[in-house]
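Participant: Model the structure of this input:
(chains A and B, ligands or ions: 2)
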Amino acid sequence: MSEQTINKALWENIPKENKDAEVISRPSMTYWQDAWRRLKKNKLSMLGLLFIFFMVMTAIIGPYVISHDYSTQQLQLANIPPKIDIYKVDDATYIYMHSEYKLFNVTADGLLSDKIKETENDLTNRKRVYNIDGNEVVLDYSYASKKVEENPDGVKFKLFMNGEEMKVYDSVHNKSYVLGTDGLGRDMLARVIYGARISLLIAFIATVVNFFIGVLYGGVSGYFGGRVDNLMMRIVDIINVIPLLLYVILLSVIIGSGLKSIIIALGSVYWVSMARIVRGQVLSLKEQEYVLAARTLGASSMRIMIRHLIPNAMGPIIVSMTMLIPSAIFTEAFLSFIGLGVNAPLASWGTLANDALGGLRSYPYQLFYPSLAISVTMLAFNFLGDGLRDALDPRLRK
Amino acid sequence: MAKQLNPNDVLLEVKDLKKHFVSRHGLFGQHTTRVQAVDGVSFKILRGETLGLVGESGCGKSTTGRTIIRLYDVTSGEVIFDGVDISKVSQGEMRQYRKKIQMIFQDPYASLNSRMTVGDIIGEPIDIHNIAKGEERQKIIWNLLERVGLSKEHANRYPHEFSGGQRQRIGIARALAVNPDFIICDEPISALDVSIQAQVVNMLEDLQKELGLTYLFIAHDLSMVKHISDRIGVMYLGKLVELANSDELYDNPNHPYSQALLSAIPIPDPDATKHGQRIVLEGDVPSPINPPSGCRFRTRCKYVMDVCKEVEPEFIEISPNHFSACHLNTVNK
Ligand SMILES: Nc1ncnc2c1ncn2[C@@H]1O[C@H](COP(=O)(O)OP(=O)(O)OP(=O)(O)O)[C@@H](O)[C@H]1O
Ligand SMILES: [Mg+2]
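Facilitator: Ligands and ions are numbered 1, 2, ... in the order given. A predicted model of the protein is given here:
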């Protein structure tokens, strides 16, 4: 056994204030702080949140930052894709050959300038002659109508400079119109950003309307219960069985199609699911003892609703709101796509997709970008909603 | 008990109180079921007294308490508080009585709103009744916290940061905030650890002495109730079957159901034969939707007689201040 001297001080009594058992050492955390802490751990949700933030900021300040306007038409510059093939005339001069057989001056890194006017247009031989910096450039587009035997490569046209065939010099990004232009020569990027404004605005208004009507209606229905509840829920059922499309068509007949009728239609239908969720929550929460305690204290129905029931139902309400935004965005896009949406020159993602349909085979990029915006935004909201559901679920709360 | 009670100073009198829950089913609500949760209960509570109420789960103890405080509307009967029948006043008029009658709940986790700080929870009655504002409100809250053995730093914390016992103290502080005369304690200790149960019961006793409170103390086992109660009522299936001083009930249980309840209490003394053999009740409690005719306990009573099926036993005084509802008391005499 080793000789161990035990410090006498160790046997001293602990001072009274140190052993106060009622002291709580963990930092005080509210429900929302706790939920935020948990949400931060969910990578996908944070990614979604970041994207949504980015999207909202773009929609708000984007139109002021980018150089093009969403509604200015330049028919000369219609249907230019985001990636362009350029040909070299000389060291300082490059040309871009558009698929509609138009030639443009372009810089080596993809900045478009003006359209080049032809000096001669031979319609019978399907040839156009240009004079570029003293070089004679000939565009022969007769190949498109030639038989397969004569044109085994399937090329549609050939460019000749001073009698010599030109080869594609480079394929560069379109610097002037990053996402290309649409059929009327409007900048796609400006239109997609502007579309984000309209789409997010509609989603936002639909959500706010829905929150207020849904929470009020569901809250009253659940709180009073019994016959009131029964009647109110039957009304909800009736509203729910009438298809949304019918509302929109009727509304567009009455007040004309456009932003207003979409907002009214979404607002008047979407609160139904929110009302159901809130009602269910209130029905179960109102039997909780803290609500009974508030009633024994003499709290009014209003106070119980605002101070006790709604704050405790806030988790599911927020989750269902985040889940509702993507579906509102999609519904708006769908309605605009089938032509019941906003009117030109306003653009939402749905109308953009619709506009792109005509030239889909030649210019698929015009459909691609608005669809991408719709899908990624919906995905982002869904990721966020999933994360929020986990973060706000009181059963996981420790 | 060294308590001085005036037998003429009745704070609360419950007369033939009934609470039936009626629910409708079917498409047009044509079918109804009627749960006779409380079916004719009468008792008096003197000022400063503690009346214990015991009985198996589902016998209607909570419903009795909640009906007295008007969380439920009274089906029939009277609740006379301080000379006024509060069973029929409107919810608006009831507000003034809400300051005098308070309730402490069973579940310390469900009885506090987790979205509010402890300060706001205790402050809610102060706000509702406009008792105080600003600094004075703050002071009242701190006083209440200290009174129930917590400290004022706890006012900014949230309920989930507290233990069950601490939460129950917060619930008690909330009930005390309006300065009530009468508190209904609905199983305030059954969700707590045994070691903490005694603490809370002792605190309730101290508060009673200090503030002159009157309690209706609901529990489902007799051992803790006996300690705090002056008198005890035993409930079975919506009815009061026996009511006596707690020592009297403990020593001389009259109703077979009370005898069975008492025999289930473990006795520290191994030689004790006070309550004889442990009586095990056979079968389940019948449903309050369709209670047995006559005496409600007859389906599980080992002394069951023919008369029990037909006639409902009367609640009679078998010895001074000892009431019981059993045919054995009348038939044998
Ligand atoms: N709101 C209600 N609607 C319908 N029936 C109810 C309601 N509340 C209680 N009951 C029924 O009334 C009866 C008595 O319930 P109560 O809660 O009063 O029992 P208890 O004695 O407090 O039981 P426990 O010891 O479990 O708390 C039970 O059968 C119960 O199912
Ligand atoms: Mg109960």
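Participant: how about A:Asp133, what does it touch?
Facilitator: Neighbouring residues of A:Asp133 by Cβ atoms under 8 Å, 6 or more residues apart in numbering or on different chains: A:89-90, A:93. Using the backbone N, CA and C atoms, a C-beta is placed for each residue, glycine as well.
Participant: ok, now with 10 Å
Facilitator: A:89-90, A:92-93 (Cβ atoms under 10 Å, 6 or more residues apart in numbering or on different chains).
Participant: swap in A:Met55?
Facilitator: A:62, A:193, A:196, A:199-200, A:373, A:376-377, A:380-381 are the contacts of A:Met55 under Cβ under 10 Å, 6+ apart.
Participant: for the chain, which spans come out with low pLDDT?
Facilitator: By default, I'm working from chain A. A:1-6, A:9-29, A:151-154, A:394-398 (pLDDT under 70).
Participant: not quite, I wanted chain B
Facilitator: B:1-2, B:29, B:266-277, B:332-333.
Participant: so where do the helices sit in it?
Facilitator: For chain B, helices defined by DSSP state H occupy the ranges B:61-68, B:91-98, B:118-128, B:134-147, B:164-176, B:194-211, B:222-228, B:246-251, B:256-263, B:306-310, B:327-331.
Participant: among those helices, which is nearest ligand 1?
Facilitator: Across the helices of chain B, ligand 1 has its closest neighbour in helix B:61-68 (3.1 Å, Cβ to the nearest ligand atom).
Participant: Okay, helices next: where are they in the stretch 251-398 of chain A?
Facilitator: For the stretch 251-398 of chain A, the helices defined by DSSP state H, counting those that start in this stretch occupy A:259-285, A:289-296, A:301-303, A:310-337, A:349-356, A:365-392.
Participant: now these as a markdown table including distance to B:Leu144 and mean neighbour count?
Facilitator: Below are the helices of the stretch 251-398 of chain A laid out as a markdown table (distance: least, Cβ to Cβ, whole Å; neighbours: other Cβ atoms under 10 Å in any protein chain shown):
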| stretch | distance to B:Leu144 | mean neighbour count |
| --- | --- | --- |
| helix A:259-285 | 26 | 21 |
| helix A:289-296 | 15 | 23 |
| helix A:301-303 | 20 | 13 |
| helix A:310-337 | 23 | 21 |
| helix A:349-356 | 58 | 25 |
| helix A:365-392 | 32 | 20 |
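Participant: Quickly find the element holding A:Ile86.
Facilitator: strand A:83-90 (DSSP states H and E).
Participant: can you list the residues of the stretch 251-398 of chain A near ligand 1?
Facilitator: Neighbours of ligand 1 within the stretch 251-398 of chain A, by Cβ under 6 Å from any ligand atom: none found.
Participant: In the stretch 251-398 of chain A, which residue sits nearest ligand 1?
Facilitator: Closest point on the stretch 251-398 of chain A to ligand 1, by Cβ to the nearest ligand atom, is A:Glu287, at 7.6 Å.
Participant: Next up, the contacts around that residue.
Facilitator: B:Ala110.
Participant: and it, backbone torsions?
Facilitator: Main-chain torsions, A:Glu287, degrees, to the nearest 10: phi -90, psi 0.
Participant: Show me what whichever strand or helix holds A:Asp229 is in contact with.
Facilitator: Using DSSP H and E, A:Asp229 sits in helix A:226-241. For helix A:226-241, the external contacting residues (Cβ under 10 Å, 6+ apart) are A:214, A:217-218, A:220-224, A:247, A:268-269, A:271-273, A:275-276, A:279, A:282-283, B:23-24, B:29.
Participant: rewinding a little: of the contacts of A:Met55, which is the nearest to A:Leu251?
Facilitator: A:Ser199 (18.8 Å; Cβ to Cβ).
Participant: these two touch, right, the closest one and A:Phe337?
Facilitator: No: at 11.8 Å, A:Ser199 does not count as touching A:Phe337 under the criterion of Cβ atoms under 10 Å.
Participant: any residues in contact with both of those two?
Facilitator: Joint contacts of A:Ser199 and A:Phe337 (Cβ under 10 Å, 6+ apart) are A:348-352, A:370, A:374.
Participant: Spatially, which two of those residues are the most separated?
Facilitator: Comparing every pair within those by Cβ to Cβ identifies A:Thr351 and A:Ile374 as the most remote, at 11.7 Å.
Participant: Quickly list what's touching both of the two.
Facilitator: A:195, A:199, A:332-333, A:337.
Participant: follow-up on the earlier one: CSV for the contacts of A:Met55, including distance to B:Lys15?
Facilitator: Listed next are those as CSV, based on distance: Cβ to Cβ, whole Å:
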residue, distance to B:Lys15
A:Gly62, 75
A:Ile193, 75
A:Ala196, 70
A:Ser199, 67
A:Leu200, 65
A:Ala373, 72
A:Val376, 70
A:Thr377, 66
A:Ala380, 65
A:Phe381, 60
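Participant: Can you pull the residues of the stretch 101-250 of chain B lying near ligand 1?
Facilitator: Residues of the stretch 101-250 of chain B found near ligand 1 (Cβ under 6 Å from any ligand atom) are B:His220.
Participant: ok, so of the contacts of A:Met55, who is nearest A:Leu50?
Facilitator: For the contacts of A:Met55, the nearest to A:Leu50 is A:Ala380 (8.4 Å; Cβ to Cβ).
Participant: For the closest one, give me its contacts.
Facilitator: So A:Ala380 contacts A:44-45, A:47-55, A:322, A:325-326 (Cβ under 10 Å, 6+ apart).
Participant: Got a quick PyMOL command for the buried subset of those residues?
Facilitator: A single PyMOL command is used to select the members of the contacts of A:Ala380 judged buried by 16 or more other Cβ atoms under 10 Å in any protein chain shown:
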select buried, chain A and resi 45+48+49+51+52+55+322+325+326
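Participant: out of the contacts of A:Ala380, which are inside helices?
Facilitator: A:44-45, A:47-55, A:322, A:325-326.
Participant: which residues in the stretch 1-150 of chain B form strands?
Facilitator: Assigned by DSSP state E, counting those that start in this stretch, the strands in the stretch 1-150 of chain B fall at B:10-25, B:31-46, B:50-54, B:76-81, B:84-85, B:101-104.
Participant: How many residues are close by residue 82?
Facilitator: By default, I'm working from chain A. Neighbour count for A:Pro82, taken as other Cβ atoms under 10 Å in any protein chain shown: 18.
Participant: Oops, wrong one, chain B.
Facilitator: Number of residues near B:Asp82 (other Cβ under 10 Å) recorded here: 15.
Participant: likewise B:Ile184?
Facilitator: 27.
Participant: check contacts around it.
Facilitator: A:296, B:12, B:53, B:62, B:64-66, B:68-69, B:71, B:101-105, B:175, B:214-218.
Participant: Spit out the contact partners of residue 282.
Facilitator: I'll assume chain A. Contacts of A:Val282 by Cβ under 10 Å, 6+ apart are A:215, A:218-225, A:229, A:291, A:304-305, A:308-310, A:312-313.
Participant: right idea, wrong chain: chain B
Facilitator: Taking Cβ under 10 Å, 6+ apart, one finds B:260, B:299-302 in contact with B:Glu282.
Participant: Please report the distance of it from B:Arg300.
Facilitator: 6 Å (Cβ to Cβ, to the nearest Å).
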